[in-house]
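**Student:** structure, please.
(one chain, ligands or ions: 1)
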Amino acid sequence: MGLKLQRRQSIRVPAVDQKMSAVMRAESWMDTSFLQSLSAGLVGIPPFDSLWLRVQKRGKRSLIDFACQKLQIRSFADLGGVWGVDGEYTLYAMEAHNVKNACLVDIGFTEAVVQKQKEYPTLKLIRGNFGDPEIARQIGVVDAVILFDVLLHQVNPNWDRILELYAPRTGCFLIFNPQYTATESTVRLLDLGEEEYFRNIPHSKAEETYREVFEKMYEIHPRPQYQQRRIYRDIHDIWQWGIVDRDLVEKMKSLGFSMRYARSHGKFNHLPNFENRAFAFCK
Ligand SMILES: C[S@@+](CC[C@H](N)C(=O)[O-])C[C@H]1O[C@@H](n2cnc3c(N)ncnc32)[C@H](O)[C@@H]1O
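**Tutor:** Prediction:
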């Protein structure tokens, strides 16, 4: 019980749509079960080091289960579904829920994804920047747009513009994102300054991707996929945003979407200021 009390006290609740139904309330993270609280409480204890990742993966699957079972999702586009997971959530939705009409979009595909696609002829792979309106046009209209661990990386167009771009093309957004809990408003993490930036994110300056970001902030990044059009400050390979719940919920509301699901799944990799949260917003 002590754990549960502690957890509830640490959660910031956004201003949720007044019309939130009983189902939505039942799915809210305010109703975090004792078991969920227990697993979140265990995160950080050394023998359970990777538990946070398992909690995160389970949370993403639960959101897909909810969308397919309760919202009757029959088509989707998984934006940025490749790195580290090789399209795992796309394939889960297709296999576990028999969704045929699926689209996986990323700036690059691994060999594993290309091979897997051969087993799923109805799975469409689209290579490119999903912030590009031409890529959005290629996706067309889908029941759900999946944004798992990608919104925090989106700059030019920024995370809120990505939501605007896809709002007319979908009835539902499934969002799983490390949400920022240290401030009232969303922050551009690089603007915190170098020391605070690295104190907040799960990467160090010693890592290749992060090594030169502060030194070359306004220089063009050489990565071929960026086609010489992106400065270091704007690349989506790095952590960019600390998005707070209130700003996300308000943005969705302004686009005509209301919250149908909201759950918290514990800290992101023991970071003090980021918590994994899952949302479904529907028209
Ligand atoms: C942190 S990984 C998340 C992977 C997966 N969705 C998950 O839940 O684990 C981010 C992925 O999104 C892709 N990505 C990020 N921004 C993108 C953009 N604007 N256009 C295309 N791909 C993007 C990256 O290439 C990478 O594969």
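
**Student:** near the ligand, which residues of this structure show up?
**Tutor:** Contact residues, the chain versus the ligand (C-beta under 6 Å from any ligand atom): 80-85, 106-107, 129-131, 148-150, 153-154, 236. Using the backbone N, CA and C atoms, a C-beta is placed for each residue, glycine as well.

**Student:** okay, and which of the residues you listed map to strands?
**Tutor:** Asp106, Phe148 (DSSP state E).

**Student:** PyMOL command for the buried members of the residues of the chain next to the ligand?
**Tutor:** Paste this into PyMOL to select the buried members of these, with burial taken from 16 or more other C-beta atoms under 10 Å:
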select buried, resi 80+81+82+85+106+107+129+130+131+148+149+150+153+154+236
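
**Student:** now do the contacts for the closest residue to the ligand within the chain.
**Tutor:** In the chain, the residue found nearest to the ligand is Gly80; the distance is 2.4 Å by C-beta to the nearest ligand atom. By C-beta atoms under 8 Å, 6 or more residues apart in numbering, the residues touching Gly80 are Val105, Asp106, Ile107, Phe130, Leu147, Phe148, Asp149, Val150, His153.

**Student:** show me what contacts the residue nearest to Thr170 when sequence neighbours are not counted?
**Tutor:** Leaving aside its sequence neighbours, Thr170 sits nearest to Val145 (C-beta to C-beta, 6 or more residues apart in numbering; 4.5 Å). By C-beta under 8 Å, 6+ apart, Val145 lies in contact with Phe76, Ala77, Leu79, Tyr166, Arg169, Thr170, Cys172, Phe173, Leu174.

**Student:** keep only those of the residues you listed that are in strands.
**Tutor:** Among these, the members falling in strands (DSSP E) are Phe76, Ala77, Leu79, Thr170, Cys172, Phe173, Leu174.

**Student:** need the pLDDT of the second one.
**Tutor:** Looking at Ala77, its pLDDT stands at 98.

**Student:** partner residues bridging it?
**Tutor:** Cys103, Val145 (DSSP bridges).

**Student:** how about stretch 137-157: buried residues?
**Tutor:** Counting neighbours by 16+ other C-beta under 10 Å, one finds that the buried residues in stretch 137-157 are 139, 142-155, 157.

**Student:** can you give me the end-to-end distance of that stretch?
**Tutor:** Criterion C-alpha to C-alpha, to the nearest Å; first-to-last residue distance in stretch 137-157 is 16 Å.

**Student:** please enumerate the helices of the chain.
**Tutor:** 2-10, 22-27, 34-42, 51-70, 88-97, 111-117, 133-139, 159-166, 194-200, 208-211, 245-254 (DSSP state H).

**Student:** buried residues, the fifth one. List them.
**Tutor:** Yep, that's helix 88-97 we're talking about. By neighbour count on 16+ other C-beta under 10 Å, the buried set for helix 88-97 is Glu88, Tyr89, Thr90, Leu91, Tyr92, Ala93, Met94.

**Student:** ok, back up a step: mind checking how far the residue of the chain closest to the ligand is from Thr110?
**Tutor:** 13 Å (C-beta to C-beta, to the nearest Å).

**Student:** next: Gly87.
**Tutor:** Applying C-beta to C-beta to Gly87 and Thr110 gives a distance of 8 Å.

**Student:** check Phe176 too.
**Tutor:** 20 Å.

**Student:** and the two? which has more neighbours close in?
**Tutor:** With neighbours defined as other C-beta atoms under 10 Å, Phe176 and Thr110 compare such that Phe176 has more, 26 against 15.

**Student:** pretty sure the more buried one is touching Arg58, no?
**Tutor:** No - applying C-beta atoms under 8 Å, one finds Phe176 not in contact with Arg58, separated by 11.1 Å.

**Student:** low-confidence stretches in the protein?
**Tutor:** Within the chain, the segments meeting pLDDT under 70 span 1-49.

**Student:** next, the buried residues of stretch 52-61.
**Tutor:** Going by neighbour count (16+ other C-beta under 10 Å), the buried part of stretch 52-61 is Trp52, Val55, Gln56, Lys57, Gly59, Lys60.
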